[in-house]
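Novice: Whatever this is, show me its structure:
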Amino acid sequence: MLTVNIICIGKLKEKYWVDAIKEYSKRLSAFCKFSVTELSEYKVNDNPNPKQIESVLAEEGKAILSKIKPTDFNITMCIEGKIISSEQLSALIDDVPLSGKSTVNFIIGGSWGLSEEVKQYSNYKLSMGKMTFPHQMARVMLAEQIYRAFQISTGGKYHK
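Specialist: Below you'll find the predicted structure:
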């Protein structure tokens, strides 16, 4: 069974986001081993300079890299990533085991994004579009799209 992880910076605080992730985790258990790993967000002042931002990205990047293995298929969620359809995401996930990998990680950075080092470990860069979403909402939207991808690949009725 494929393992699917969302590795992200920051914790969900509002109950409705936590409940939404729990619901998709439950639904996904029929298709894969699913987990969400929340890593600490590194704090800076309200108006950080470029060096402080670089430091935050480096520290958060180290935490992310400690959670991935060289044998994993890593999808980084970033603005410069490719915008794809739900069907294309389904095909991408379906192809992971064909490449000899049993784990796919979706990686969401903090408010400043992802370090270049993390992006270098990426097998695929994915964007949710040109609009900006709160990270909590993006996490729930991603979980829903992963569930939809499995529904598409198994011919489920969820995706119309």
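Novice: Tell me how many other residues crowd the nearest residue to S122 once chain neighbours are set aside.
Specialist: Spatially, and ignoring its direct neighbours in sequence, S122 is nearest to T76 (4.1 Å; C-beta to C-beta, 6 or more residues apart in numbering). The C-beta positions use only the backbone N, C-alpha and C, and glycine is treated the same way. With neighbours defined by other C-beta atoms under 10 Å, the count for T76 comes to 25.
Novice: pretty sure T76 is in a strand, no?
Specialist: Yes - the assignment for T76, made by DSSP: H, G, I helix; E, B strand; the rest coil, places it in a strand.
Novice: which ones are touching it?
Specialist: T76 makes contact with I107, G109, L114, V118, K119, Y121, S122, Y124, K125, L126, according to C-beta atoms under 8 Å, 6 or more residues apart in numbering.
Novice: From E14, how far off is it?
Specialist: 25 Å (C-beta to C-beta, to the nearest Å).
Novice: Ok, R27 next?
Specialist: 20 Å.
Novice: again, but for G155
Specialist: From G155 over to E14 (counting by C-beta to C-beta), the distance is 34 Å.
Novice: What of R139?
Specialist: 12 Å.
Novice: Can you pull up the most central residue in this structure?
Specialist: F106 (2.9 Å; C-alpha atoms, centre = their mean).
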